[in-house]
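Asks: Attaching a predicted model along with its sequence, questions to come.
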Amino acid sequence: MLKTSLRTSTLARLDSTPVVMETHGGYGEIFKRCYRGVASGVVFEKKPNKAEILARQRPTWAVYEADCVKALGADAGGHLEINVLDVDPYGEPWPVLTAFFTSDRPRAQQMAVVVNDGLRQKVKMGGGWSTGSLKAVVSRYGNDKLYANYLDVCRELLEESVSQAGYGLTHWGGYYCGYAKQMTHYAALLELQ
């Protein structure tokens, strides 16, 4: 319910018709609850059986059976001007976000990003320093303070990531959830600067 609510409230802030990119499609549960009425989009899924389900579920979307980081690096989905990026990996989202925002693709004037981030558990166990995408913030915060400040860290990293494509944040929201608050969900609205 929280994942659905975060997405629907973020979609409501968009000024234009959503064109969605889901980087980890799974079995399409988020699509059913949030994106069913979206005519154009892109979805990635590594597992063939899941990719087949996604292709049947959304015949007007581009469905890639691929690792999304590698595919985004090759500009997959660049035929559409994506204005909603939905990132839901099992672990860290930063390689996906970097691949999207450094790839050569059309840029919407306004864009929404919604993320389910699974790194907070590793951070709680003191593993921030061993995660490549967190090394820079470990030096700023210290490994022992990352857990308490993880939402602030996520905002900083997202601002750095989106700035590579010329975007700035105009809205931000997030929360901790899941068992022992080890997951982090956040969303942002972006504008080209």
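Replies: The structure has been received and is ready for your questions. These numbers come from a predicted model, not from an experiment.

Asks: Just the local confidence number for Glu29, please.
Replies: Looking at Glu29, its pLDDT is 95.

Asks: can you map out the strands along the chain?
Replies: Assigned by DSSP state E, the chain shows strands spanning 20-22, 41-45, 62-65, 84-87, 110-117, 167-177, 183-192.

Asks: Any idea how far the lowest-mean-pLDDT helix or strand in the chain is from the middle of the chain?
Replies: Across the helices and strands of the chain, mean pLDDT, DSSP states H and E gives its lowest value to helix 120-124, namely a mean of 74. Put simply, helix 120-124 sits 18 Å off its chain's centre (Cα atoms, centre = their mean, to the nearest Å).

Asks: Please name every helix or strand in contact with that helix.
Replies: strand 183-192 (3 or more Cβ pairs under 8 Å, 6 or more residues apart in numbering; DSSP states H and E). Every residue, glycine included, has its C-beta placed from N, CA and C.

Asks: can you pull the buried residues of the strand it packs on?
Replies: For strand 183-192, the neighbour count (16 or more other Cβ atoms under 10 Å) marks Met183, Thr184, His185, Tyr186, Ala187, Ala188, Leu189, Leu190 as buried.

Asks: tell me what it is packed against?
Replies: helix 2-12, strand 110-117, helix 120-124, helix 150-163, strand 167-177.

Asks: any idea of the angle that strand forms with strand 167-177?
Replies: 170 degrees (axes from the mean of the first three to the mean of the last three Cα atoms, to 10 degrees).

Asks: thinking again about what came up before, can you put the strands of the chain in TSV and add mean pLDDT?
Replies: As requested, the strands of the chain are exported to TSV (pLDDT from 0 to 100):
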stretch	mean pLDDT
strand 20-22	98
strand 41-45	98
strand 62-65	98
strand 84-87	98
strand 110-117	97
strand 167-177	96
strand 183-192	96
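
Asks: so Leu97 makes contact with Val87?
Replies: Yes. Between Leu97 and Val87 a contact is recorded at 6.3 Å, counting by Cβ atoms under 8 Å.

Asks: Neighbour count: those two, which is higher?
Replies: Leu97 (24 against 21; other Cβ atoms under 10 Å).

Asks: is it possible to export the strands of the chain to JSON lines including distance to Ser161?
Replies: As requested, the strands of the chain are exported to JSON lines (distance: least, Cβ to Cβ, whole Å):
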{"stretch": "strand 20-22", "distance to Ser161": "15"}
{"stretch": "strand 41-45", "distance to Ser161": "18"}
{"stretch": "strand 62-65", "distance to Ser161": "21"}
{"stretch": "strand 84-87", "distance to Ser161": "11"}
{"stretch": "strand 110-117", "distance to Ser161": "9"}
{"stretch": "strand 167-177", "distance to Ser161": "9"}
{"stretch": "strand 183-192", "distance to Ser161": "10"}
